[in-house]
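Asks: Next come a sequence and a model predicted from it.
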Amino acid sequence: MTIYEPNPDVGPVGVEFEEFADVPILAEDRPPPPMSDEDTPLPNHLCALVSMLHQARADVARHTAFESEARAAGDAELADWCRDLADADRQKVARARSMVAARLHAA
């Protein structure tokens, strides 16, 4: 007994829309255009510095989470290494913060 018999008159769903497969549905799905100094009140090198600060802060959180997971798994060596990475990232955050502050006060 066949539960499902395909209907030869009906093609696969979505075939007629294949030409749109790579088109983002929402405008937010498209990458933003590159920015220039005219698009922002901050010069590109300062925007890059702020981006590095943001990334270092994210790295602290990520390495701290990895450390917790490694400790929970009983892997002290890996946990210690992740702690060292987080500490190094904290130093990057502190330096980047002071660099951003100095440049914003000078502007």
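Replies: Thanks, I have it.
Asks: for the strand or helix carrying residue 87, packing partners?
Replies: Counting by DSSP states H and E, the element that carries residue 87 is helix 76-106. Helices and strands touching helix 76-106, as assessed by 3 or more Cβ pairs under 8 Å, 6 or more residues apart in numbering; DSSP states H and E, comprise helix 44-72. In short, each C-beta sits where N, CA and C put it, glycine included.
Asks: Show me the shaky parts of this protein.
Replies: Scanning the chain for pLDDT under 70 picks out the ranges 1-30, 32-40, 107.
Asks: and with 90 instead?
Replies: Scanning the chain for pLDDT under 90 picks out the ranges 1-45, 103-107.
Asks: what comes up buried for stretch 65-75?
Replies: If you call a residue buried by 16 or more other Cβ atoms under 10 Å, then stretch 65-75 has these buried ones: 66, 67, 70.
Asks: What residues does the nearest residue to the second one once chain neighbours are set aside make contact with?
Replies: Setting aside the residues directly before and after it, residue 67 is nearest to residue 82 in space (Cβ to Cβ, 6 or more residues apart in numbering), at 3.8 Å. Residue 82 makes contacts with 63, 64, 66, 67, 70, as judged by Cβ atoms under 8 Å, 6 or more residues apart in numbering.
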